[in-house]
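S.K.: Here is my input, please return the structure:
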Amino acid sequence: MNTKVLIYQVFTRLYGNRNTTRKEWGTVNDNGTGKFNDFDTKTLKHIRQMGFSHVWFTGVIRHATQTDYSKYGIPVQHPSVVKGRAGSPYAICDYYDVDPDLAVNVDKRMQEFEALVSRAHRAGLKVIMDFVPNHVARQYQSIAKPKGVKDLGAGDDQEQGFSPQNNFYYCPGCKFEPQFDAGGYEEYPAKSTGNDHFDPHPGMNDWYETVKLNYGVDYYTGQGHFNPIPDTWNKMTDILLFWAQKGIDGFRCDMAEMVPASFWAWATDKVKYRHPDIIFIGEVYNPAEYRNYIASGFDYLYDKVGMYDTVRNVICGHGSASFITGAWQSTDDIASHMLYFLENHDEQRIASDFFAGDARKGVPGLVASVLMRSNPFMLYAGEEYGERGMDKEGFSGKDGRTTIFDYWSVDTLCRAADGTLTAEEQYIYDIHEKVLQIARKEKAVDGAFYDLMYVNPWSAHFDNNKQYAFLRKNDKNTLLVVCNFNGNAVDIDVKIPRHAVELLDIKEKKYTAADLLSGDKTTFCVKGDDSVSMIVPPYGARVWKLC
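M.R.: Sure thing, here's the model as predicted:
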């Protein structure tokens, strides 16, 4: 098997929920919720057999919710500072606890999560969970912190807007007065809001349900105060170690670039010293900061503004397929650290009306994103069935995304479970599984990558606006991959330059070629600077294995 990291992201609250009531703004009693126990051995083995190496359980740590769990000793959150009935998984209210929605027995919720981690490991999967370092829920209060641990903000000097040893930023002398009716919620002095809003008047479009954590950066002057080590650094590193000790294999770090790189260098060093194999995935959107955060201990970074945006534009017909070359070239020196994806919980579904409107249109983008490099790829649960994300769930309106704020169930996941997928959905699943299996099993995907676009400019025989072609080679294993973003089948010629033949040590001869996606077979005569001819299906691809 290859070493390529393939991540399956599941929104834990939604994944196993089979309640199809789907009442807008529904409560947990109306619409139900998924559980840790829904990930039984059979389900986890299926995820592994699809080809995934890692599963990211999104929304595990206890966050603010409008559901009342006070009978279990869990503090009630004020609804005016909770987004949606279920609440945002990124408004953490106790870093040392897990979401009670996800437990069958709320009093045993941590044990149920620990059992899930063990089941996943036995199924051959590594476990990733969220770490949310930049902000917490407005009413953060840990009831599960270990003995001797002081809560965030417990020792803060609230008369200081900024102090290097405070955990939060404050608006001294001001109460929390958002630009909307707070419904009687009181906070004094007001804390600064999570999206770097440093006054007491956040609006509806701000992250008003969260407060910003203080890592020693004085945002009023722009200066960092890191000596002595800020108290927040110690507390947050201890939280990372707490979860690492439970067998977590990796952290997906939310909005990592909103936290200073100096902290990450300090924290990742301490965590990896004790847990050398643990990985850190950073949500970083500024390409100018990529190398800085990699140097600070991140193993992988989202390639959102580069590869994702480029491939999305190509799928939607807003950009040339040749632009994919520029996207990978811009990060070629850090290629192994870039995480590719086509969907996640923040982005719109490919099949939604806001993206491509048709899951088939995403297939060539999938093939390119998974197979053209050796870096990780992430897939969001439901994507493999062409989930449309066109529900109007409550706080999350009809926006082409699957809600992270509401109690809901995902249509395609429910129908996949009961065997009622449409033929189109089954096709989308089958193509996803085939591509993942190629990435997992074909040795060439672990080898060299050679972009063929520079020798295949637009011509009557190749449209570089709609086709993307490359080679993969490892030892005697060669793949020729051609992706077609056109809605029509195309009869094209793909030139293979002598440089590629010599660099990759490809024998010039007649090959029997098998398409690993369709099973079709043909013959190619490969010779430097000559072309090979093929028909590529609409919104499809060919992955020719040369034998």
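S.K.: What ranges does the stretch 301-450 of the chain have for its strands?
M.R.: 338-341, 377-380, 448-451 (DSSP state E, counting those that start in this stretch).
S.K.: Next, format those as CSV and append distance to residue 139 and mean pLDDT.
M.R.: Glycine gets a C-beta too; all of them are placed from N, C-alpha and C. Listed next are the strands of the stretch 301-450 of the chain as CSV, based on distance: least, CB to CB, whole Å; pLDDT from 0 to 100:
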stretch, distance to residue 139, mean pLDDT
strand 338-341, 32, 98
strand 377-380, 30, 98
strand 448-451, 49, 98
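S.K.: Can you check which of those strands gets nearest to residue 65?
M.R.: strand 377-380 (22.2 Å; CB to CB).
S.K.: tell me which residues of that closest one are tucked away?
M.R.: Within strand 377-380, the residues scored as buried using 16 or more other CB atoms under 10 Å are 377, 378, 379, 380.
S.K.: thinking again about what came up before, for residue 247, find the nearest of the strands of the stretch 301-450 of the chain.
M.R.: The nearest among these, by CB to CB, is strand 377-380 at 20.9 Å.
S.K.: contacting residues around that closest one?
M.R.: 4-9, 52, 56, 339-345, 369-370, 402, 432, 436, 439 (CB atoms under 8 Å, 6 or more residues apart in numbering).
S.K.: If we use 7 Å, what do you get?
M.R.: With contact meaning CB atoms under 7 Å, 6 or more residues apart in numbering, strand 377-380 is reached by 6, 7, 8, 9, 339, 340, 341, 343, 344, 345, 369, 370.
S.K.: wait, which of those residues is closest to residue 546?
M.R.: Closest to residue 546, out of all of the contacts of strand 377-380 and judged by CB to CB, is residue 370, at 19.2 Å.
S.K.: What distance do you get for that closest one to residue 76?
M.R.: Counting by CB to CB, to the nearest Å, the gap between residue 370 and residue 76 amounts to 44 Å.
S.K.: In space, what's closest to the most centrally placed residue in the chain - neighbours in sequence excluded?
M.R.: By CA atoms, centre = their mean, the chain has its centre lying nearest to residue 344, at 4.9 Å. Distances taken as CB to CB, 6 or more residues apart in numbering put residue 380 closest to residue 344, at 5.1 Å, once the chain neighbours are dropped.
S.K.: Most widely separated two among the contacts of strand 377-380?
M.R.: 345 and 370, at 19.5 Å, using CB to CB across those.
S.K.: okay, those two: which has more neighbours?
M.R.: Neighbours per residue (other CB atoms under 10 Å) separate residue 345 from residue 370, with residue 370 holding more: 24 against 19.
S.K.: Was I right to think the more buried one contacts residue 440?
M.R.: No: with contacts counted by CB atoms under 7 Å, residue 370 stays clear of residue 440, the gap being 9.9 Å.
S.K.: which residues of this protein fall in helices?
M.R.: All helices of the chain, identified by DSSP state H, fall at 12-15, 28-31, 41-50, 109-122, 231-244, 261-274, 290-295, 309-315, 323-329, 363-371, 411-418, 423-441, 498-503.
S.K.: ok, and what's touching the second one?
M.R.: In this structure, residues lying in contact with helix 28-31 by CB under 7 Å, 6+ apart are 19, 21, 22, 23, 67, 101, 407, 408, 409.
S.K.: next one: the longest one
M.R.: Identification of contacts with helix 423-441 by CB under 7 Å, 6+ apart yields 1-2, 4, 6, 50-51, 359, 363, 366-367, 370-371, 384-386, 412, 445, 516-517, 543.
S.K.: Buried residues, it. List them.
M.R.: Quick answer for helix 423-441 (16+ other CB under 10 Å): 425, 427, 428, 429, 431, 432, 434, 435, 436, 438, 439, 440.
S.K.: what does the fourth one give?
M.R.: Of the residues in helix 109-122, those with enough neighbours to count as buried (16+ other CB under 10 Å) are 109, 112, 113, 116, 117, 119, 120.
S.K.: what's the distance between that helix and the middle of its chain?
M.R.: Relative to its chain's centre, helix 109-122 lies at 21 Å (CA atoms, centre = their mean, to the nearest Å).
S.K.: could you check the angle helix 41-50 makes with it?
M.R.: 40 degrees (axes from the mean of the first three to the mean of the last three CA atoms, to 10 degrees).
S.K.: so what's the nearest residue to residue 40 once chain neighbours are set aside up against?
M.R.: Nearest residue to residue 40, sequence neighbours excluded (CB to CB, 6+ apart): residue 119, at 7.3 Å. Contact analysis of residue 119 by CB under 7 Å, 6+ apart lists 39, 41, 44.
S.K.: What's the separation between residue 119 and residue 528?
M.R.: 52 Å.
S.K.: one step back: show me which of the buried residues of strand 377-380 is closest to residue 141.
M.R.: residue 380 (31.4 Å).
S.K.: so who does the residue nearest to residue 183 when sequence neighbours are not counted touch?
M.R.: When the adjacent residues along the chain are set aside, residue 183 lies closest to residue 80, with 3.7 Å between them (CB to CB, 6+ apart). Contacts for residue 80 (CB under 7 Å, 6+ apart) come out as 182, 183, 185.
S.K.: just residue 191 next, same as before
M.R.: Applying CB under 7 Å, 6+ apart, the residues near residue 191 are 168, 169, 170, 211.
S.K.: Just send these back as CSV, with neighbour count and pLDDT too.
M.R.: Below are those laid out as CSV (neighbours: other CB atoms under 10 Å; pLDDT from 0 to 100):
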residue, neighbour count, pLDDT
168, 21, 98
169, 25, 98
170, 25, 98
211, 29, 98
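S.K.: so can I have TSV of those residues showing distance to residue 132?
M.R.: Output for the contacts of residue 191, formatted as TSV (distance: CB to CB, whole Å):
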residue	distance to residue 132
168	15
169	17
170	21
211	12
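S.K.: Between all of those, which two are at the greatest distance?
M.R.: Longest span within these, CB to CB: 170 and 211, 9.5 Å.
S.K.: mind showing which ranges of this protein have poor pLDDT?
M.R.: The chain contains no residues with pLDDT under 70.
S.K.: repeat that for 80
M.R.: By pLDDT under 80, the weakly predicted segments of the chain are 1.
S.K.: Need the residues that contact stretch 513-520.
M.R.: 431, 434, 438, 521-524, 541-547.
S.K.: ok, which pair from the residues you listed is furthest apart?
M.R.: It's 431 and 523 that sit farthest apart of the contacts of stretch 513-520, by CB to CB, at 24.6 Å.
S.K.: okay, now the nearest residue to residue 133 once chain neighbours are set aside: neighbour count?
M.R.: Excluding its sequence neighbours, the residue lying closest to residue 133 (CB to CB, 6+ apart) is residue 259, at 4.9 Å. With neighbours defined by other CB under 10 Å, the count for residue 259 comes to 24.
S.K.: what's the answer for residue 394, then?
M.R.: That count, for residue 394 with other CB under 10 Å as the rule, works out to 20.
S.K.: how much space between it and residue 403?
M.R.: To residue 403, residue 394 is 7 Å away according to CB to CB.
S.K.: Distance check, the nearest residue to residue 79 once chain neighbours are set aside against residue 383.
M.R.: Computed as CB to CB, 6+ apart, the closest residue to residue 79 that is not its neighbour in sequence is residue 66, at 4.9 Å. Per CB to CB, residue 66 is found 29 Å from residue 383.
S.K.: more neighbours, the two?
M.R.: residue 383 (27 against 19).
S.K.: Who are the contact partners of that one?
M.R.: Counted by CB under 7 Å, 6+ apart, residue 383 has contacts 342, 343, 350.
S.K.: Please name the spatially closest residue to residue 413 (chain neighbours excluded).
M.R.: residue 382 (5.6 Å).
S.K.: My error: substitute residue 182 in the last question.
M.R.: Nearest one to residue 182, counting by CB to CB, 6+ apart, is residue 80 at 4.8 Å.
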